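>>> Only the shape, not the letters, is given here:
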């Protein structure tokens, strides 16, 4: 249920009618109908229902934004894989879904549950390469300026923390890694979800390949 509400809040926030998200329009129209209904002395049920929808919509938008439209649950029994670790080689990559702050050409934006690939270059720099599609929801549209490829890059020495768990979004609950790493602007987070535990283990083995000594903390 929580995952469905978070996805709904996300959809209402990222799809626009004109200059405003569709969720904001629902709140505005609901409040206007409630005010007009009270002023014109409509049946009390009409302004009450309109006001209730507006307040529920506002609460959903605020709540979803506070949680960044997803829920990550750490696994209390998770452990780092034992050595030897196997790195990704050559063009090898893993299909994932990415959540976090991504960038391209000097622009940055926080995205949720994008189709992406996880890849490690020969230099051992890690990359998350995600595609933002153009979508519709309730006749509203996502912003065209976000359409295209967005990226996150980080080196092994920049990794601060690795968390293993599950991410809930919509009807899906998938195995996930939440990575925290240093960037020029401070600490960043990217969350990767996988179609199987096997893919998660493969990515985790690649991430651990370069760790020296205790490495980052594993929080579970």
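Here it is on my side, so go on. All figures in this text were calculated on a predicted structure; none of them were measured in a lab. Numbering: from 1, shown residues only.

>>> alpha carbons only for contacts and neighbour counts from here, please
Noted.

>>> how does this structure divide into domains?
2-66, 72-218 (automatic domain parsing).

>>> distance between the last one and the chain's centre?
Per CA atoms, centre = their mean, to the nearest Å, the displacement of domain 72-218 from the mean C-alpha position of its chain is 10 Å.

>>> who are the neighbours in contact with the residue nearest the centre of the chain?
Geometric centre of the chain, nearest residue: residue 112, 2.6 Å, by CA atoms, centre = their mean. Residue 112 makes contacts with 68-70, 98-100, as judged by CA atoms under 8 Å, 6 or more residues apart in numbering.

>>> Which of the helices or strands spans it?
Taking DSSP states H and E as the criterion, residue 112 maps to strand 107-120.

>>> Now do the strands in the chain.
Assigned strands in the chain, in chain order: 15-17, 20-21, 71-74, 93-104, 107-120, 126-132, 136-137, 140-142, 148-154, 159-169, 172-183, 186-193, 217-218 (criterion: DSSP state E).

>>> Tell me, please, the helix or strand in this structure that averages the lowest pLDDT.
Least confident helix or strand, the chain: strand 217-218 with a mean of 55, by mean pLDDT, DSSP states H and E.

>>> so where's the chain shaky on pLDDT?
83, 212-220 (pLDDT under 70).

>>> Okay, the residue of the chain positioned farthest from its centre and residue 55: tell me how far apart.
Going by CA atoms, centre = their mean, the residue of the chain most distant from its centre is residue 41, 44.3 Å out. Separation of residue 41 from residue 55 (CA to CA, to the nearest Å) stands at 21 Å.

>>> One more: residue 207?
In terms of CA to CA, residue 207 sits 44 Å off from residue 55.

>>> More neighbours: which of the two?
The neighbour comparison of residue 207 against residue 55 (other CA atoms under 10 Å) goes to residue 207, with 23 against 17.

>>> That one contacts residue 157, correct?
No: checked against CA atoms under 8 Å, the pair residue 207 and residue 157 is beyond contact range at 10.6 Å.

>>> Just give the number of residues close to residue 122.
By other CA under 10 Å, the residues close to residue 122 number 12.

>>> isn't residue 74 right up against residue 163?
Yes: the pair residue 74 / residue 163 is scored as a contact, 6.6 Å apart, by CA under 8 Å.

>>> Compare these two and say which one has the larger neighbour count.
Taking other CA under 10 Å, residue 74 and residue 163 do not tie; residue 163 has more neighbours (23 against 18).

>>> Identify the bridge partners of the more buried one.
residue 178 (DSSP bridges).

>>> Would you confirm that it contacts residue 181?
No: contact criterion CA under 8 Å: residue 163 and residue 181 do not qualify, at 11.8 Å.
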